[in-house]
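>>> test case, fold it:
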Amino acid sequence: MNMHKPVELESYDKQWPEAFQRIRGKLLALLPQALAIDHVGSTAIPAIAAKPLIDIDIVLPSLEHIEDATRVLLSKNYEPRGNRHDDEMWAFLSRDLVPAARVYLCPIGNRTHKNRLAFRDYLTAHPEAAADYAALKLRLAAEFRMDGNRYTAEKREFVDTIVTRALRGDV
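I've put the predicted structure just below:
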């Protein structure tokens with residue numbers, strides 16, 4: 001039995017990019033070694049319904065920097081969520097922020113980070129694809145309301161298709 005919180009999507013909030021910038025500033029002060037701090041996920045794509053959770057990738061110079069960055073995030077009440085995507089990408093959740101933020105630490109050159117940027121940028125540039133993704137998310141959120149893992153898994157084929165298009169340079 002899944003004991004997850006329900007999958008609840010909200011309409012796009014124009015405050016999400018501002019919230020990202022505010023959180024980014026705090027993270028940059030905490031982790032000056034970061035090479036990039038990127039807004040990823042649905043809150044980074046205009047007009048897409050999303051969980052009210054700002055997803056942020058922090059790119060560090062190498063794997064050796066992950067341990068120190070982890071200590072810093074833990075000291076600021078970020079909850080560790082493990083190595084995600086089997087791709088040297090460590091997740092942390094901060095419920096202290098409004099909206100909440102999920103932060104991922106990864107080394108430069110990380111494949112998942114590259115794919116997430118490609119997905120975000122493709123959907124931003126292709127509103128029809130973004131609308132298709134939004135419709136899929138809403139349908140899956142209704143169907144798998146109490147199963148966040150299944151909700152995420154069922155989006156995989158769409159996401160992979162868009163990433164492939166983006167990396168190929170399809171228009």
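>>> let me see the mean pLDDT of stretch 87-101.
Confidence for stretch 87-101, expressed as mean pLDDT, is 91.
>>> over to stretch 31-42?
Along stretch 31-42, the predicted confidence averages to a pLDDT of 98.
>>> then stretch 111-125?
Computed over stretch 111-125, the average pLDDT equals 97.
>>> buried residues of it, list them for me.
By neighbour count with 16 or more other CB atoms under 10 Å, stretch 111-125 contains the buried residues Thr112, His113, Lys114, Asn115, Arg116, Leu117, Ala118, Phe119, Arg120, Tyr122, Leu123. For every residue, glycine as well, the C-beta is placed using N, CA and C.
>>> now stretch 42-58
Buried residues in stretch 42-58, counted by 16+ other CB under 10 Å: 42-45, 48-51, 53-58.
>>> between these, which sits nearest Glu8?
Comparing the buried residues of stretch 42-58 against Glu8 with CB to CB places Lys51 closest, at 6.7 Å.
>>> the helices in the chain, which residues?
Assigned by DSSP state H, the chain shows helices spanning 16-30, 66-75, 111-125, 127-143, 148-168.
>>> and the fourth one, what does it pack against?
Same thing as helix 127-143. Judged by 3 or more CB pairs under 8 Å, 6 or more residues apart in numbering; DSSP states H and E, helix 127-143 is in contact with helix 111-125, helix 148-168.
>>> show me what the first one packs onto, helices and strands only.
Using 3+ CB pairs under 8 Å, 6+ apart as the contact criterion, the elements in contact with helix 111-125 are strand 36-40, strand 53-60, strand 100-107, helix 127-143, helix 148-168.
>>> alright, I will stop here.
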